[in-house]
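[1] predicted model follows, preceded by the sequence.
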Amino acid sequence: EDQVTQSPEALRLQEGESSSLNCSYTVSGLRGLFWYRQDPGKGPEFLFTLYSAGEEKEKERLKATLTKKESFLHITAPKPEDSATYLCAAVYSSASKIIFGSGTRLSIRP
Amino acid sequence: EPEVTQTPSHQVTQMGQEVILRCVPISNHLYFYWYRQILGQKVEFLVSFYNNEISEKSEIFDDQFSVERPDGSNFTLKIRSTKLEDSAMYFCASRSTGGVDTQYFGPGTRLTVL
């Protein structure tokens, strides 16, 4: 069965304390991997798309990387406004649907 | 910046009633999707739609659900006879063509079935 698994479920960091979120996947016919940010009661906000092992994308304090079996979202020197749930999602080769992981709830303390 | 919009933001209905959730996708997008998220759970795929046809649907998307593009701008999800377990956030998403896979999500409609 195709799966996207994220860890940890929740992560509390001090402001400025860098860390990484993990997304492992077993998806047949994988086309690519998305990272989204979701604030409470809101829709997922697009961050990155990764297609190939070894690919990296960066945006402000976030960097996403991809291997053949997992993806990491690295957050460098986070600020309280980075607090959110970060979702990983796999898109199928048909591009007709994506399946989401359960997310990592990130909390940054000032 | 173009964005996906959804109405209403919150819908309360009685069990057994029909509801229609509305979405206006980004204007030059041709692929449309509905997802749902039960409180505290994963975002789940419901259906994808392209060229006035359903491309793919999940096992959640049974005969109680239907989708329509009634005009050039709206995309709707209808639930014919709501159940308590249909209570969730419903998200619409759209994407462009030309090999760009990114799906852009709307803010969601919170459906509460009493």
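    Yep, that arrived. Bear in mind the structure is a predicted one, so any value in this text is a computation, not a measurement. Residues are numbered from 1 along each chain as shown, chains lettered A, B, ... in the order given.

[2] what does chain B have sitting close to chain A?
    B:4, B:31, B:33, B:41-45, B:48, B:55-56, B:58, B:89, B:91, B:95, B:101-108, B:110 (Cβ under 8 Å from any Cβ of the partner chain). Just so you know, the C-beta spots here come from the backbone N, C-alpha and C atoms, and that holds for glycine as well.

[3] strands - which of those residues land there?
    Judged by DSSP state E, the subset of the residues of chain B next to chain A located in strands is B:31, B:33, B:43-45, B:48, B:55-56, B:89, B:91, B:95, B:104-105, B:110.

[4] quick check, central residue of chain B?
    B:Trp34 (3.2 Å; Cα atoms, centre = their mean).

[5] residue contacts, that one?
    Going by Cβ atoms under 8 Å, 6 or more residues apart in numbering or on different chains, B:Trp34 touches B:21, B:23, B:46-47, B:67, B:77, B:90-93.

[6] what's the closest non-adjacent residue to it?
    Spatial nearest neighbour of B:Trp34, chain neighbours left out: B:Leu46 (4.3 Å); criterion: Cβ to Cβ, 6 or more residues apart in numbering or on different chains.

[7] what about the one you found, distance to A:Phe34?
    Distance from B:Leu46 to A:Phe34, counting by Cβ to Cβ, to the nearest Å: 17 Å.

[8] what's near enough to touch B:Arg80?
    B:18, B:63-66.

[9] what's the pLDDT at the residue in chain A sticking out farthest from the centre?
    No residue in chain A sits farther from the centre than A:Pro110, which is 22.5 Å out by Cα atoms, centre = their mean. You'll see A:Pro110 listed with a pLDDT of 95.

[10] what does B:Val100 give?
    In this model, B:Val100 is scored at 68, pLDDT.

[11] now swap in B:Ala88 and tell me
    Reading off the model, B:Ala88 has pLDDT 97.

[12] likewise for A:Val91?
    Looking at A:Val91, its pLDDT is 88.

[13] beta partners of it?
    Counting by DSSP bridges, A:Val91 is bridged to A:Gly32, A:Ile98.

[14] so how far is chain A from B:Thr82?
    Going from B:Thr82 to chain A by Cβ to the nearest Cβ, to the nearest Å gives 21 Å.

[15] would you mind confirming that that residue is in contact with B:Tyr90?
    No - with contact defined as Cβ atoms under 8 Å, B:Thr82 does not reach B:Tyr90; the gap is 11.7 Å.

[16] so what sits against both of those two?
    Common neighbours of B:Thr82 and B:Tyr90 (Cβ under 8 Å, 6+ apart) are B:Leu111.

[17] re the thing from before, next, count neighbours for the residue nearest to B:Trp34.
    B:Leu46: 21 surrounding residues under other Cβ atoms under 10 Å in any protein chain shown.

[18] B:Gly106 now?
    There are 26 residues near B:Gly106, going by other Cβ under 10 Å.

[19] flag every residue of chain A that's near chain B.
    So chain A meets chain B at A:31-32, A:34, A:36, A:41-46, A:49, A:87, A:89, A:91, A:94-103 (Cβ under 8 Å from any Cβ).

[20] if you set the cut-off to 10 Å instead, what comes out?
    Listed as neighbours of chain B in chain A under the rule Cβ under 10 Å from any Cβ of the partner chain: A:4, A:6, A:31-32, A:34, A:36, A:38, A:41-49, A:51, A:87, A:89, A:91-92, A:94-103.

[21] what is the most widely separated pair among the ones in strands among the residues of chain B next to chain A?
    Using Cβ to Cβ, the two most remote members of these are B:Ser55 and B:Arg110, lying 26.2 Å apart.
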